[in-house]
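Novice: What follows is a protein structure lacking sequence information:
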């Protein structure tokens, strides 16, 4: 992909732009010469953190608003070539205690964004960040895109609605859109103060702080992980490939590890850290999905994507980053 | 089922209670001695019609409110033994022109009702009226419950979310709930002034008024139909059978007919009526699903339900009913 040529001078909107994936995507896009606008609500419980974009702050437009604000979004989608629609409520546990907020962000706001595009900018191309969470507890492994959909929490149901609105607006209204079903994404910029984005964030924090890394259950649960640079690459490929319109693609990684192995790797990479196997907290056990890893043949074949960063290499980068900047991710923002 | 014994003196709430299916269910329940409360918003574009309950008006409590009112619903679910959750926005076309209203009613309101039950009445049993619409265009026929879910309109996506919230609250929070995926339901009390509830309503109206029955496409599309008394029976069975909790069941009928055959039957039953084969209007073509008929083995085997009213018999009953009462369904309510 001649990404520099494809994105130079293009108008790009990123929702969740001060968040983990959004900020990494923004950094890549400004390096291509794209004219980037970020939307972020900076809600403290979510992923937005201005430190994520400190180095590129003067090369983009930052617009603080909430995707639940239909008027703001209706204005912001105008004149954009691409929308990377990454804003979301990601906490599975929060979705069970405050299901309405999850619905408003992950479903209702998506619908109003799509309506705004249909009305004001039907030529936009949208890439939606979806999640493997909507497969629920896998019936078979690796999970491909035709695996039954069976979300086990409110977050999964609402993310599914949000994803399907995108496909529907592509298919029925001609607003070009596609969706990537992300698995566990990690890297510099991820939320580490709690497990609202991913448990791995807390593990990294604890490793750096010398606190025990807590592995729930027996530690044998299998997972796949993508380093954020690889996810950014997938988002860009999906944006520029017309063949992606109306499709969903799993991300994934051939490097499948157990949670115990993952903890062990962290401990090896960070001298002084250690992990403990502990029972599931009840609120997490109720929505646990057992083993999960994805089949990403479709995006590999159709869009030419594959993950390039090995887990050990990515974890090292995270440990180096949070070793330097941990406090920026612990302060109230 | 000894329904009289099971429902006598039971506190029953029916959302959409002045609507087509709700009013027929209410009539059956008051005959069993149940203490019935109806919730209906009487929104003119939807199915509520006070004429539907005129004969039982003094044997139940009618509470006019909207299921989108979380405070009203939080009060009304208290002390109820059963909730038949039938309120919904049913128009596929309206869901595409006003997707937010569809989301608010079919998804958001369902979530607030379930939250109210979890908080105020976790011992309630809920039966949710879902729809075969969420299967989308069938991959195989007859469609069973493990058929892939692939809604083709906003209504299907939102109804799916509403259905899955119910199953989730059963599985995770222990609020007993199940869902019936209804196919085309017809009978006295259905909306006939337009196609917002079912095309068959307009067909009946036109047959009675001597206007042409318009059959879209080539008329060969296959469908199954359930007479409302059979659907009421299924709702009651699902309510009292603990084995239904957490499950979804298709309704259906072995009597599968083409739209042309259906129109022909109406014309035979109503002298002076006639039908015409006409092209699809574009807004309906975009969301048409081709042939559909359901496999209802699961509810037949597990709950002992089967449809008993033959199509010709049910259509005759409709023609007799609307022959007498058509004007009550044409006036602004």
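Specialist: Sure, I can see it. Here the structure is a predicted model, which is why all the values come from computation and not from measurement.
Novice: Skipping adjacent residues, who's closest to the most far-flung residue of chain A relative to its centre in space?
Specialist: Residue farthest from the centre of chain A, counting by C-alpha atoms, centre = their mean, is residue A:272 at 29.9 Å. Of all residues not flanking residue A:272 in the chain, residue A:210 sits nearest, at 5.4 Å (C-beta to C-beta, 6 or more residues apart in numbering or on different chains). Backbone N, C-alpha and C define where each C-beta goes, glycine included.
Novice: Likewise for residue A:267?
Specialist: residue A:273 (5.1 Å).
Novice: For residue A:315, see how far away the one you found is.
Specialist: Using C-beta to C-beta, to the nearest Å, we find residue A:273 at a distance of 11 Å from residue A:315.
Novice: Can you pick out the residue with more neighbours from these two?
Specialist: Between residue A:273 and residue A:315, counting by other C-beta atoms under 10 Å in any protein chain shown, residue A:315 is the more crowded of the two (25 against 21).
Novice: Tell me if I'm right that that one and residue A:267 touch.
Specialist: No: the pair residue A:315 / residue A:267 is not scored as a contact, 10.6 Å apart, by C-beta atoms under 8 Å.
Novice: surely the residue nearest to residue A:267 meets residue A:203?
Specialist: No: taking contacts as C-beta under 8 Å, residue A:273 lies outside contact range of residue A:203: 9.1 Å.
Novice: Mutual contacts of these two, please.
Specialist: Jointly contacting residue A:273 and residue A:203 under the rule C-beta atoms under 8 Å, 6 or more residues apart in numbering or on different chains are A:213, A:266.
Novice: in chain A, what secondary structure element scores lowest on mean pLDDT?
Specialist: None of the helices or strands of chain A scores lower by mean pLDDT, DSSP states H and E than helix A:282-285, at a mean of 76.
Novice: what sits up against that one?
Specialist: The list of residues contacting helix A:282-285 from outside it, by C-beta under 8 Å, 6+ apart, reads A:92-93, A:96, A:216.
Novice: The residue lying closest to residue A:292 once chain neighbours are set aside: which element?
Specialist: With C-beta to C-beta, 6+ apart as the criterion, residue A:292 has its nearest non-adjacent residue at 5.6 Å, and that residue is residue A:138. In this structure, residue A:138 sits in neither a helix nor a strand according to DSSP states H and E.
Novice: Residue A:138: what's it in contact with?
Specialist: A:147, A:289-292.
Novice: Are stretch A:176-191 and chain B in contact anywhere?
Specialist: No: judged by C-beta under 8 Å from any C-beta of the partner chain, stretch A:176-191 makes no contact with chain B; its nearest approach is 13.3 Å.
Novice: Would you mind measuring the gap between the ends of that stretch?
Specialist: 31 Å (C-alpha to C-alpha, to the nearest Å).
Novice: roughly how far out does it sit from the chain middle?
Specialist: 3 Å (C-alpha atoms, centre = their mean, to the nearest Å).
Novice: For it, give the mean pLDDT please.
Specialist: The pLDDT scores in stretch A:176-191 average 97.
Novice: need the residues of chain A near chain B, please.
Specialist: By the rule C-beta under 8 Å from any C-beta, the part of chain A lying against chain B is A:96, A:99-100, A:103-104, A:107-108, A:111-112, A:115, A:146, A:148-149, A:151-154, A:157-158, A:160-161, A:164-165, A:168, A:171-172, A:286-287.
Novice: Now, those that are in helices?
Specialist: A:96, A:99-100, A:103, A:111-112, A:115, A:154, A:157-158, A:160-161, A:164-165, A:168, A:171-172 (DSSP state H).
Novice: buried subset of these?
Specialist: Among those, the ones that count as buried by 16 or more other C-beta atoms under 10 Å in any protein chain shown are A:96, A:99, A:103, A:111-112, A:115, A:154, A:157-158, A:160-161, A:164-165, A:168, A:172.
Novice: Could I get the contacting residues of residue A:176?
Specialist: Going by C-beta under 8 Å, 6+ apart, residue A:176 touches A:124-126, A:170, A:242, A:245.
Novice: can you pick the most crowded of those?
Specialist: residue A:126 (27 neighbours).
Novice: Please name the nearest non-neighbouring residue to the residue of the stretch 201-333 of chain A found nearest chain B.
Specialist: Using C-beta to the nearest C-beta, residue A:286 is the residue of the stretch 201-333 of chain A that sits closest to chain B, at 5.3 Å. Distance criterion C-beta to C-beta, 6+ apart; nearest residue to residue A:286, sequence neighbours excluded, is residue B:172 at 5.3 Å.
Novice: was I right about the one you found contacting residue A:95?
Specialist: No: with contact defined as C-beta under 8 Å, residue B:172 does not reach residue A:95; the gap is 10.9 Å.
Novice: which residues are common contacts for these two?
Specialist: residue A:153.
Novice: what ranges do the strands span in the stretch 151-300 of chain A?
Specialist: Ranges of strands in the stretch 151-300 of chain A, per DSSP state E, counting those that start in this stretch, are A:177-182, A:184-186, A:213-216, A:222-227, A:248-250, A:256-258, A:275-278.
Novice: quick one: which of those strands is nearest residue B:230?
Specialist: Closest to residue B:230 of these is strand A:248-250 (C-beta to C-beta; 37.4 Å).
Novice: partners of that closest one in the sheet?
Specialist: Strand pairing for strand A:248-250, determined by DSSP bridges: strand A:177-182 (parallel).
Novice: and the angle from the partner strand to strand A:222-227?
Specialist: When axes from the mean of the first three to the mean of the last three C-alpha atoms, to 10 degrees is applied, the directions of strand A:177-182 and strand A:222-227 differ by 120 degrees.
Novice: what's next to strand A:177-182, contact-wise?
Specialist: Against strand A:177-182 from outside (C-beta under 8 Å, 6+ apart): A:21, A:114, A:125-132, A:134-135, A:145, A:163, A:166-167, A:169-170, A:226, A:231, A:234-235, A:238, A:244-251, A:294, A:299.
Novice: Could you check the angle it makes with helix A:154-173?
Specialist: With the same axes, to 10 degrees applied, the angle from strand A:177-182 to helix A:154-173 works out at 150 degrees.
Novice: and residue A:153, how many neighbours?
Specialist: 24.
Novice: what do you get for the one 3 residues further on?
Specialist: For residue A:156, the number of neighbouring residues by other C-beta under 10 Å comes to 26.
Novice: Next: the one 3 residues further on.
Specialist: Taking other C-beta under 10 Å as the neighbour definition, residue A:159 ends up with a count of 30.
Novice: Could you do residue A:72 as well?
Specialist: With other C-beta under 10 Å as criterion, residue A:72 counts 16.
Novice: who touches the nearest residue to it once chain neighbours are set aside in this structure?
Specialist: Spatial nearest neighbour of residue A:72, excluding adjacent residues (C-beta to C-beta, 6+ apart): residue A:65 at 4.2 Å. Counting by C-beta under 8 Å, 6+ apart, residue A:65 touches A:39, A:41, A:72-73, A:76.
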